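Peer 1: next input, structure requested:
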Amino acid sequence: MPDLTLDTSTDPSFLFLSEGKIILALRFLTPQNNLSKVLVPSIEEVFSNTPYKLQDVKRIFVGTGPGSYSGVRVGVATAASLALGLDVPLYPFCSLLGFIPKNLPEGPFSFLLHSAGGAVFLLKGTSRKNEIDRCLTEKIMEENDLKSEPEPGSVLISLNPEKLKKKLDFLGDLEGKLFKGEPNPTLLLSHLSRIGALAPPPPTVSYLYPV
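Peer 2: As a prediction, the model looks like this:
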């Protein structure tokens, strides 16, 4: 039986259908797609080239931010409605886990996402053998507080590295230490397969308005 995963908190949004550790169907959406209108039809569409129907879904995973209010709201509301209607468990995950780049070296990483108001969302974890350790740290902090973050030896990830360089000039030379966040459903799926074995916690959302 398949699992459905979706995230609409950032650009691009994505959704995919998977079974075990295999992605059966994948689709990316952009803000121009008018997510509130096309998300449900897009979910139905990913089933079209598989032997499954929506009613066959075993679990639903949804990204809960950080991201824009509208984006997070659309994804979480849709996922919650489907989980309720299908009577299946709903698992939340940090949206940035879907954008950890494939070329990330093993070791500690810090994924930073700035908001227009100056707040920063920080996701800290460790990458090992194309997987992400289950132990993750999430923080929302002021930009000035980043002087004590990240830990020495950690690589940085950003959806917009050039802007991040300007904001973090106090960290010195970031050559070889700064990576661009890119969609990576395969790595995310590996993480979801572990949390899917646990009881689903109630989802909490993060609205950050990234720029």
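Peer 1: does the nearest residue to Thr78 once chain neighbours are set aside count as helix, strand or coil?
Peer 2: Leaving aside its sequence neighbours, Thr78 sits nearest to Leu39 (Cβ to Cβ, 6 or more residues apart in numbering; 5.5 Å). From N, CA and C alone the C-beta is placed, and that goes for glycine too. Under DSSP: H, G, I helix; E, B strand; the rest coil, the three-state class of Leu39 is helix.
Peer 1: okay, now Leu39: neighbour count?
Peer 2: 21 (other Cβ atoms under 10 Å).
Peer 1: go on, Thr78?
Peer 2: Thr78 has 20 neighbouring residues, counting by other Cβ under 10 Å.
Peer 1: phi and psi next, for it.
Peer 2: phi -70, psi -50 (degrees, to the nearest 10).
Peer 1: and this structure, split by domain according to the record?
Peer 2: Using automatic domain parsing, the domains assigned to the chain come out as 3-96+184-195, 106-180.
Peer 1: from the ones you listed, which stretch is densest packed?
Peer 2: domain 3-96+184-195 (a mean of 18; mean count of other Cβ atoms under 10 Å).
Peer 1: measure that domain end to end?
Peer 2: One end of domain 3-96+184-195 sits 13 Å from the other (Cα to Cα, to the nearest Å).
Peer 1: centre of the chain to it, how far?
Peer 2: 10 Å (Cα atoms, centre = their mean, to the nearest Å).
Peer 1: avg pLDDT for it?
Peer 2: In this model, domain 3-96+184-195 carries a mean pLDDT of 91.
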